[in-house]
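[1] Fold the following.
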Amino acid sequence: MEIKHLELFDLKERPEHLLTLSQWHHHQWSALNPGFSLEDRIAKMQQHLEPQVLPTTLVLEADGRLVGSAALIESDMDTHPEWTPWLASVFVAPPFRQRGFGVRLVEAIIAYAAQKGYESLYLFTEDRASFYEKLGWRLQALEEYRGIQVTIMSLDLSQRLISRSVSKESAAANSENG
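    Numbers count the residues shown, from 1 in each chain. This next block holds a predicted model:
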């Protein structure tokens, strides 16, 4: 299936996706939130429609079809309130997996967080640590959270911005000399 048009936008701009995203997220992560109903998730995601920076959900569509989402939230683990903000709820619908859309969503949240002045990001994952390692995330901790073994990771946005700036300067110098 060839995709002709990709669109990335803030859920605030297209709130009609809130119900579908809530259903996807609830199905994917209900084990981490026992006792948290679909109605609870919908209510929590409605906070992402408010005008503040945190929480924010970015949504990806391909040819008008909902592909997935990723969020920037204040805290994703009640055991670590000292770490903020968090990349959370990275989800790509099954028909769109293994096609780079997860990377696009993660990179969009990273860019958004950097634009808003954050210097670090955190996340936790049950089983996708290698995916995030390839994107530059570092191991922060391994621990049990709500009965599930998770990997907590961090990304230093200040180092990332410095290395990209140096790369751009090097590329510019090479093109001037070439």
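[2] What pLDDT is listed against the nearest residue to residue 156 once chain neighbours are set aside?
    Spatially, and ignoring its direct neighbours in sequence, residue 156 is nearest to residue 120 (5.8 Å; Cβ to Cβ, 6 or more residues apart in numbering). Any C-beta I mention is one placed from the backbone N, CA and C, and that applies to glycine too. At residue 120, the pLDDT value in this model is 97.
[3] and if you look at residue 34?
    Residue 34 is assigned a predicted lDDT (pLDDT) of 87.
[4] wait, doesn't it sit right on residue 146?
    Yes. Applying Cβ atoms under 8 Å as the test, residue 34 and residue 146 come out as touching, 7.3 Å apart.
[5] more neighbours, those two?
    Per other Cβ atoms under 10 Å, whichever of residue 34 and residue 146 has more neighbours is residue 146, with 12 against 8.
[6] which non-adjacent residue is nearest the more buried one?
    Excluding its sequence neighbours, the residue lying closest to residue 146 (Cβ to Cβ, 6+ apart) is residue 32, at 5.5 Å.
[7] The one you found: how many residues sit nearby?
    The burial metric for residue 32, expressed as a neighbour count using other Cβ under 10 Å, is 16.
[8] Distance check, it against residue 104.
    Here the distance between residue 32 and residue 104 works out to 24 Å (Cβ to Cβ, to the nearest Å).
[9] so residue 29, which of the three states?
    Three-state call for residue 29 (DSSP: H, G, I helix; E, B strand; the rest coil): helix.
[10] Go ahead and flag the most central residue of the protein.
    Residue closest to the average C-alpha location in the chain (Cα atoms, centre = their mean): residue 70, at 3.6 Å.
[11] thinking that residue is in contact with residue 105, fair?
    Yes. If you go by Cβ under 8 Å, residue 70 and residue 105 touch, sitting 3.9 Å apart.
[12] Which parts of this protein are helices?
    Listed from the start of the chain, the chain has helices (DSSP state H) covering 18-29, 38-46, 101-115, 129-133, 157-177.
[13] average pLDDT across the second one?
    Put plainly, it is helix 38-46. Over the span of helix 38-46, the pLDDT mean works out to 97.
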